[in-house]
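Here is a sequence with its predicted model. Questions after.
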Amino acid sequence: MPHIGITPGLRKAVSALLIAWLTACGGGGDSGGASSASGPAGGVKLQVVSFGDSLSDVGTYAPIAGVLGGGRFTTNPGQVWTQDVAQYYGDTLTAAFTINLAHELKAQGGMGYAQGGSTVATPANQNRFLTDVIGDIEMPVNQQISSYLSAHGSFNSGQLVLVWGGANDVLRAGSPPTADTTVQNAATTLAQLVGQIVQSGATHVVVINVPNIGLSPDGVKSSDGGANFTQLSQRFNATLNAALQANGLQGKVIVIDAYTWTTQTITNYQANGFTVSNTAQACDPSKTPHDTSLLCSPATYVASNADQTYMFADDLHPTTRMHALFAQYVEQQIAASGLGH
């Protein structure tokens with residue numbers, strides 16, 4: 001900006017406008033530092049890093065799914081909870097890897113490592129998960145964390161690390177007693193991975209337990225009404241809690257009880273603003289390719305506002321509104337721990 005001809009009064013006015021603009025845009029702050037009153041809604045600016053499965057996937061398969069208006073495992077174009085939480089803390093979460101037309105994962109530099117279909121530690125090629133759409137490429141959580149550390153070396157105090165895995169381990173475990181061992185091993189491994197994250201420098205780590213999968217539409221319509229899924233979800237969570245405690249991590253991480261939250265939210269669905277509970281899905285199975293929320297769009301909704309009135313997009317994944325409500329719950333639990341507000 002030229003200085004010739006600008007009076008001190010005008011210069012003062014321009015400076016005031018510039019300061020006001022920077023404040024409104026959240027400028028001048030560094031990642032992880034405390035923000036001003038007009039900063040992020042969360043009261044502190046943090047870079048969000050996410051590990052997990054389809055419940056947290058911000059767009060790994062979007063390059064292919066986007067052709068049909070999809071991209072995430074929800075009522076597209078809606079966001080998933082990890083994106084909502086990232087925005088709350090002044091960040092934008094994008095995919096760490098995305099698929100290309102050759103069904104290969106390519107690094108993109110984002111911090112959203114969660115991938116639809118991922119288990120805690122089972123190799124992708126041992127399970128069939130939309131293989132005709134995306135192939136056997138999804139990274140399990142242990143590989144997601146290894147990929148992050150290979151690229152970035154460590155975590156830092158300016159980050160909020162979100163870890164939500166285990167749902168696919170429960171879904172694929174089968175029946176007891178073999179299933180009990182499967183989910184226990186997965187939960188124990190997840191606790192060890194959380195320990196690795198903490199040991200690698202993370203100071204703000206959120207660990208979310210498995211939701212009550214028995215109450216999903218997939219569980220409700222199963223022959224036992226979801227009883228096996230509910231029991232395995234409980235076993236996973238009990239094992240995870242015990243392993244976190246045994247590893248000295250309970251006081252170092254924020255544990256979010258998604259099991260209780262989903263159970264209570266479904267029970268009180270009308271009070272939470274929904275008109276349809278867990279008995280139906282927002283994405284019309286006859287219009288949605290493969291009957292998966294990954295390929296769900298407004299064109300395949302059962303009603304134009306289904307993303308807000310239904311709880312589930314398909315038989316397993318939450319709608320946009322359900323994700324938003326869960327994000328708010330997570331934000332409240334993080335604030336209760338003393339971080340931000």
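Good, I have the coordinates.

residue ranges of the strands in the stretch 201-341 of the chain, please?
Remark: strands of the stretch 201-341 of the chain, listed N- to C-terminal, are 205-208, 254-256; assignment by DSSP state E, counting those that start in this stretch.

what's the spacing between the longest one and its chain's center?
Distance, stretch centre to chain centre, for strand 205-208: 11 Å (C-alpha atoms, centre = their mean, to the nearest Å).

Show me what that strand is packed against.
Based on contacts counted as 3 or more C-beta pairs under 8 Å, 6 or more residues apart in numbering; DSSP states H and E, the elements that strand 205-208 packs against are strand 159-164, helix 178-199, strand 254-256, helix 320-336. In short, each C-beta sits where N, CA and C put it, glycine included.

Make TSV out of those and add distance to Leu130, mean neighbour count and mean pLDDT.
Putting those into TSV (distance: least, C-beta to C-beta, whole Å; neighbours: other C-beta atoms under 10 Å; pLDDT from 0 to 100) gives the following:
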stretch	distance to Leu130	mean neighbour count	mean pLDDT
strand 159-164	20	27	98
helix 178-199	21	20	98
strand 254-256	27	19	98
helix 320-336	20	20	98
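
Quick one: closest of these to Val67.
Evaluated over the helices and strands packed on strand 205-208, closeness to Val67 peaks at helix 320-336, with 20.4 Å, by C-beta to C-beta.

Low-confidence stretches in the stretch 51-200 of the chain?
Low-confidence regions of the stretch 51-200 of the chain, defined by pLDDT under 70, span residues 125-129, 132.

Please enumerate the strands of it.
In the stretch 51-200 of the chain, the strands defined using DSSP E, counting those that start in this stretch lie at 97-99, 105-107, 159-164.

Tell me which of these lies nearest to Tyr269.
strand 159-164 (21.8 Å).

so how far is the closest one from its chain's centroid?
The offset between the C-alpha centroid of strand 159-164 and the centroid of the whole chain comes to 9 Å, using C-alpha atoms, centre = their mean.

So in that sheet, which strands flank it, and in what orientation?
strand 47-52 (parallel), strand 205-208 (parallel) (DSSP bridges).

highest average neighbour count across these?
Among these, ranked by average contacts under mean count of other C-beta atoms under 10 Å, first place goes to strand 47-52 (a mean of 27).

Just want the angle from that one to helix 178-199.
Between the direction of strand 47-52 and that of helix 178-199, the angle (axes from the mean of the first three to the mean of the last three C-alpha atoms, to 10 degrees) works out to 160 degrees.

Using CSV, write out every CA atom in strand 47-52.
Provided in CSV are the C-alpha atoms of strand 47-52 (Å, rounded to 0.1, in the frame of the first residue of the first chain):
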residue,chain,number,x,y,z
GLN,A,47,-5.2,-29.0,14.4
VAL,A,48,-7.4,-32.2,14.4
VAL,A,49,-5.9,-35.6,13.5
SER,A,50,-8.3,-38.5,13.1
PHE,A,51,-7.9,-42.2,13.0
GLY,A,52,-10.6,-44.8,12.5
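
Next up, the contacts around the residue minimising distance to the centre of the chain.
Nearest to the mean C-alpha position of the chain, by C-alpha atoms, centre = their mean, lies Ser56 at 2.4 Å. By C-beta atoms under 8 Å, 6 or more residues apart in numbering, the contact set of Ser56 is 50, 80-82, 112, 114, 162, 164.

now do 7 Å
The neighbours of Ser56, taking C-beta atoms under 7 Å, 6 or more residues apart in numbering as the test, are 50, 80, 82, 114, 162, 164.

circling back: can I get the strands paired with strand 159-164 in a markdown table with distance to Cys283?
Formatted as a markdown table, the strands paired with strand 159-164 follow (distance: least, C-beta to C-beta, whole Å):
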| stretch | distance to Cys283 |
| --- | --- |
| strand 47-52 | 21 |
| strand 205-208 | 24 |
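
count of neighbours near the residue nearest to Phe326 when sequence neighbours are not counted?
Of all residues beyond its chain neighbours, the one nearest Phe326 is Trp81 (4.8 Å), with distances taken as C-beta to C-beta, 6 or more residues apart in numbering. Taking other C-beta atoms under 10 Å as the neighbour definition, Trp81 ends up with a count of 28.
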